[in-house]
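Asks: Mind looking at a prediction? Sequence and model below.
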Amino acid sequence: MPEEDDKGLRRWGVVAALGVTQVVSWGSLYYAFAVVMEAVRRDLAISSPVAVGAYCVALLVSGIVAAPVGRHIDRHGAMRAMTAGSAAAALLLAALSQVGGVLSLYAVWAGLGVAMGLVLYEPAFASLALVFRADLRKAITVLTLAGGFASTVFWPLTQWLATALGWRDAVLVLAAINLAVCVPLHALFLPARGRPADAPRGAADDAAGRARLLGDGRFRWLAAAFTLNMLAFSAMGLHLLAMMQEQGFTPETAAWLAALVGPMQVAGRIAEFAFAHRVSASKVGEIALLAFPVSLLVLAFAGGAAGTVVLFAVLYGASNGVMTIVRGTVPAEIWGREGYGGLTGLMATPVLLARAAGPFAAAGVLALAGGYRAVTLALAAVGVLSWAAFYLAVRRHRH
């Protein structure tokens, strides 16, 4: 019995360590650029689409590496991969603070894309799947409860650092945080071994299994739902502050209002945790995906009213908070947990490619329409399509 208790403590120690590192990784690699993007653009004398394009390159690269990283963690454990990812993040953020032109900006962001693919939620979930069985959904929920504070902490923190130190030194501080916090936690707490050699085969372990998945209608509809949702979400992640500023809010007020999204993500995850034993992950996904376009309609017609923007943050944050869990649990609900990293990595590839395309697509709509209301309405339409695709996927699963 004491040995079982020790194993349980070690498993939840992995969750605790990843909870801290996910806040830092998401905050510094994903959310911070929205705060410093305008300063980077002015400093390098480049256009907004060029600045957004560099960020999109990182997201594109993270999508390309998702499947091989997932399979690597299945076979060899997460310790080396995620430790190397955090070390690379620190080195490349330091390099970002020194860029002097477009070529160096794009080269650094391409490298940061590899780091993203090694340290964000997908490899973290694959790490949890190595140490949790029946409690995987609970572990993912607890991890994302912590991760939901990334924007809440790092949007205001990065804004304060950039105001006090300038964007270059602000990014250098973010590099130091990755080196001091994430590298040792990943090295000390994450599993150093993959699945046992005699473990049952997973659905995506080999080329034949992956081909069968790609021919499965449930897989295609589910991948389409997650991809469309991520397309809209990633566009919002980079453009949300500018959307609020267009409605008349100062940069500081916009940053604080946007920071409400994090606690609402956490609130949504707490609700999911509370009702997980009563409601399937697929039913939770249907509700969350419907709340997403509703939230965007609220924002589109907020008219600069802070109270209405708070309502948007509640719906939008809760939806996105829950969808992180849904993406991590519904594939396992349908195809099982064996080879989880390879399965979710395969599904994550188009999702993360959409993460790369989202900000650029929104910038294109903005250039054509000349205002952010049109962008918000277009993203709401994408959200409706995502809900429809998810419904078709889980309906097939039910029957």
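Replies: The structure has been received and is ready for your questions.
Asks: which sections of the chain are below the confidence cut-off?
Replies: For the chain, applying pLDDT under 70 flags the ranges 1-9, 196-209, 396-399.
Asks: tell me the strands in it, going along the chain?
Replies: Shown for the chain, no strands are assigned by DSSP state E.
Asks: Am I right that residue 393 is in contact with residue 216?
Replies: No: applying C-beta atoms under 8 Å, one finds residue 393 not in contact with residue 216, separated by 9.8 Å. Glycine gets a C-beta too; all of them are placed from N, C-alpha and C.
Asks: just checking, residue 365 touches residue 376?
Replies: No: in this structure, residue 365 is not within contact of residue 376 by C-beta under 8 Å, at 9.5 Å.
Asks: Please identify which of these two sits among more neighbours.
Replies: Using other C-beta atoms under 10 Å, the more surrounded residue of residue 365 and residue 376 is residue 376, with 27 against 19.
Asks: Wait, that one touches residue 240, no?
Replies: No: with contact defined as C-beta under 8 Å, residue 376 does not count as touching residue 240 (9.8 Å).
Asks: Distance of the nearest residue to residue 353 once chain neighbours are set aside relative to residue 165?
Replies: Leaving aside its chain neighbours, residue 353 sits nearest to residue 63 (4.0 Å; criterion: C-beta to C-beta, 6 or more residues apart in numbering). Plainly put, residue 63 is 32 Å away from residue 165 if you go by C-beta to C-beta, to the nearest Å.
Asks: Among those two, which residue is more densely surrounded?
Replies: More crowded of residue 63 and residue 165, by other C-beta under 10 Å: residue 63, with 24 against 13.
Asks: re the thing from before, neighbour-wise, which of residue 393 and residue 216 wins?
Replies: The neighbour comparison of residue 393 against residue 216 (other C-beta under 10 Å) goes to residue 393, with 24 against 17.
Asks: if I look at that one, how far off is residue 347?
Replies: With C-beta to C-beta as the criterion, residue 393 and residue 347 are 11 Å apart.
Asks: same check, this time on residue 112
Replies: The gap separating residue 112 from residue 347 is 23 Å, by C-beta to C-beta.
Asks: More neighbours: which of those two?
Replies: Taking other C-beta under 10 Å, residue 112 and residue 347 do not tie; residue 112 has more neighbours (28 against 25).
Asks: didn't that one look like it was pressed against residue 96?
Replies: Yes: Residue 112 lies in contact with residue 96 (C-beta under 8 Å); the separation is 7.3 Å.
Asks: Spatially nearest residue to residue 132, not counting backbone neighbours?
Replies: Counting by C-beta to C-beta, 6+ apart, the residue nearest residue 132 is residue 139, at 4.6 Å.
Asks: I meant residue 33, not that one.
Replies: The spatially closest residue to residue 33, leaving aside those adjacent along the chain, is residue 55, at 5.4 Å (C-beta to C-beta, 6+ apart).
Asks: Over to residue 27?
Replies: Spatial nearest neighbour of residue 27, excluding adjacent residues (C-beta to C-beta, 6+ apart): residue 154 at 2.9 Å.
Asks: Equivalent analysis for residue 251, please.
Replies: Leaving aside its sequence neighbours, residue 251 sits nearest to residue 245 (C-beta to C-beta, 6+ apart; 6.3 Å).
Asks: Could you measure from that neighbour over to residue 253?
Replies: As judged by C-beta to C-beta, residue 245 and residue 253 stand 9 Å apart.
Asks: if we can go back for a sec, roughly how far does the residue nearest to residue 353 sit from residue 216?
Replies: From residue 63 to residue 216 the distance is 21 Å (C-beta to C-beta).
Asks: With residue 257 instead?
Replies: In this view, residue 257 and residue 216 are 42 Å apart by C-beta to C-beta.
Asks: pretty sure residue 381 is touching residue 296, no?
Replies: No: in terms of C-beta under 8 Å, residue 381 does not count as a neighbour of residue 296; the distance is 9.1 Å.
Asks: check contacts around the closest residue to residue 49 other than its chain neighbours.
Replies: In space, residue 49 comes closest to residue 363 once its chain neighbours are excluded; the distance is 5.4 Å by C-beta to C-beta, 6+ apart. By C-beta atoms under 8 Å, 6 or more residues apart in numbering, the contact set of residue 363 is 48, 49, 52, 239.
Asks: Now that we have those residues, which of them are buried?
Replies: Taking 16 or more other C-beta atoms under 10 Å as the criterion, what is buried in the contacts of residue 363 is 52, 239.
Asks: among the contacts of residue 363, which two are most distant?
Replies: Distances among those were taken as C-beta to C-beta; the most separated pair is 49 and 239, at 12.2 Å.
Asks: Distance of the closest residue to residue 260 other than its chain neighbours relative to residue 132?
Replies: Among residues not flanking residue 260 along the chain, residue 313 sits closest, at 4.0 Å (C-beta to C-beta, 6+ apart). Residue 313 sits 31 Å away from residue 132, going by C-beta to C-beta.
Asks: Look at the two and report which has more neighbours.
Replies: Neighbours per residue, other C-beta under 10 Å: of residue 313 and residue 132, the larger number sits with residue 313, 23 against 19.
Asks: Would you mind confirming that that one is in contact with residue 262?
Replies: No: contact criterion C-beta under 8 Å: residue 313 and residue 262 do not qualify, at 9.2 Å.
Asks: since we're on residue 370, how many residues are nearby?
Replies: Residue 370 has 9 nearby residues by other C-beta under 10 Å.
Asks: so what's residue 68 closest to, chain neighbours aside?
Replies: In this structure, residue 68 finds its nearest non-sequential neighbour in residue 345, 7.3 Å apart by C-beta to C-beta, 6+ apart.
Asks: okay but the one you found is in contact with residue 75, surely?
Replies: No: look at residue 345 against residue 75 with C-beta under 8 Å: they stay out of range, at 11.9 Å.
Asks: Compare the two (neighbour count), which wins?
Replies: For residue 345 versus residue 75, neighbours defined as other C-beta under 10 Å are more numerous around residue 345 (27 against 15).
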